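Colleague: What shape does this take:
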Amino acid sequence: MQHGPAVRRRKLGAELRTLRTVAGFTSGEAARIVGWHQSKVSRIETGASGVKQADVRLLLDAYRVADPQQRELLLVLAGGDEGGGGGHHWWHAYRGVLPPTYRDFISLESQASAMATLETSVVPGLLQTPEYARAVTSAAVGGLDDERLDALVAVRVARQEVLRAQEPLRLSAVLDEAVLRREIGGPGVMVRQLQRLIEAARLPQVRLQVLPFTAGAHVGVTGPFVIFSFSSTSDLDVVVLDHLTSSLYLERKEDLRAYTEAFTTLQIRALSPEDSLDYIAGMADGA
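Modeller: Numbering: from 1, shown residues only. The predicted structure follows:
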């Protein structure tokens, strides 16, 4: 278990080492090409030290990596708020209100090809209405003034663009029935949130399932989790466990396998997407 930046350094270093090998360079040769000492290349590849996005660009140019998506993802792993072209990502404008762990999460979310999530308490952020997001954020983060609260809600809404992109994120979500039963923001807010879930469940890139109380005890009772998958670059999949003041990132193969198997089991235990849609619609109609 590691915090986000450490995971990113290791993954980035491993990817850069693979790209260097494919390009046919030793670490010493790569260092000479970009004008560094060989030890700097080694520290980057082992994840022993951080690396600026500008330095990653130098290495990618030296290794003749032209794929824009691959370059973008590796720059995201380098950290910071810059995009592949050197400009800032949209969340840079909110850097004053977003903690580093949240920026890390948004970076991964923006570049992942697929996301699998188990939610046990609240609707996933990518599916929240603005008013529901406001109620959740206000309850979860105490002492917010209106300006900061507005900014955090705006971030939550902006994140949802990944579902409307030209190549949208594929979202698979299993919601414990408690998510639907917990009244957040009042009855009207909940009805509109349920309607939003119905709309989302009909999108081809969204697979939404409800895990009813009648399913009894299940592997997800230990808490929510997210699995990010990346199609363009090998070995970058990661599990994220969110806690009150921090997030933990799991990258080991055995951890990824355990959580992937757990999510598959939850999908089997949950209602089918069709039955889940009917279930949510029934709740919305009866509210």
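Colleague: what's the distance between whichever helix or strand residue 101 is part of and the middle of its chain?
Modeller: Assigning secondary structure by DSSP states H and E places residue 101 in helix 100-111. Mean C-alpha position of helix 100-111 versus that of the full chain (Cα atoms, centre = their mean, to the nearest Å) differs by 6 Å.
Colleague: Show me what that helix is packed up against.
Modeller: With contacts taken as 3 or more Cβ pairs under 8 Å, 6 or more residues apart in numbering; DSSP states H and E, helix 100-111 sits against helix 4-23, helix 68-78, helix 146-159, strand 238-242, strand 247-250. From N, CA and C alone the C-beta is placed, and that goes for glycine too.
Colleague: switch the cut-off to 10 Å
Modeller: Where contact means 3 or more Cβ pairs under 10 Å, 6 or more residues apart in numbering; DSSP states H and E, helix 100-111 is packed against helix 4-23, helix 68-78, helix 146-159, strand 225-229, strand 238-242, strand 247-250.
Colleague: burial count for residue 167?
Modeller: Other residues near residue 167 number 10, with proximity taken as other Cβ atoms under 10 Å.
Colleague: And it, how close does it get to residue 127?
Modeller: 19 Å (Cβ to Cβ, to the nearest Å).
Colleague: Equivalent analysis for residue 155, please.
Modeller: 15 Å.
Colleague: what ranges of the stretch 151-287 of the chain fall below the confidence cut-off?
Modeller: 232-235, 244-246, 287 (pLDDT under 70).
Colleague: Any figure for the gap between the residue most central in space within the chain and residue 226?
Modeller: Among the residues of the chain, the one closest to the centroid is residue 109, at 3.3 Å (Cα atoms, centre = their mean). Residue 109 sits 9 Å away from residue 226, going by Cβ to Cβ.
Colleague: ditto for residue 189
Modeller: From residue 189 to residue 226 the distance is 24 Å (Cβ to Cβ).
Colleague: Of these two, give the one with the bigger neighbour count.
Modeller: residue 226 (24 against 17).
Colleague: separation between the spatially closest residue to residue 227 that is not a sequence neighbour and residue 238?
Modeller: Spatial nearest neighbour of residue 227, excluding adjacent residues (Cβ to Cβ, 6 or more residues apart in numbering): residue 116 at 4.3 Å. Separation of residue 116 from residue 238 (Cβ to Cβ) stands at 12 Å.
Colleague: tell me, what's touching these two both at once?
Modeller: 226-229, 259 (Cβ atoms under 10 Å, 6 or more residues apart in numbering).
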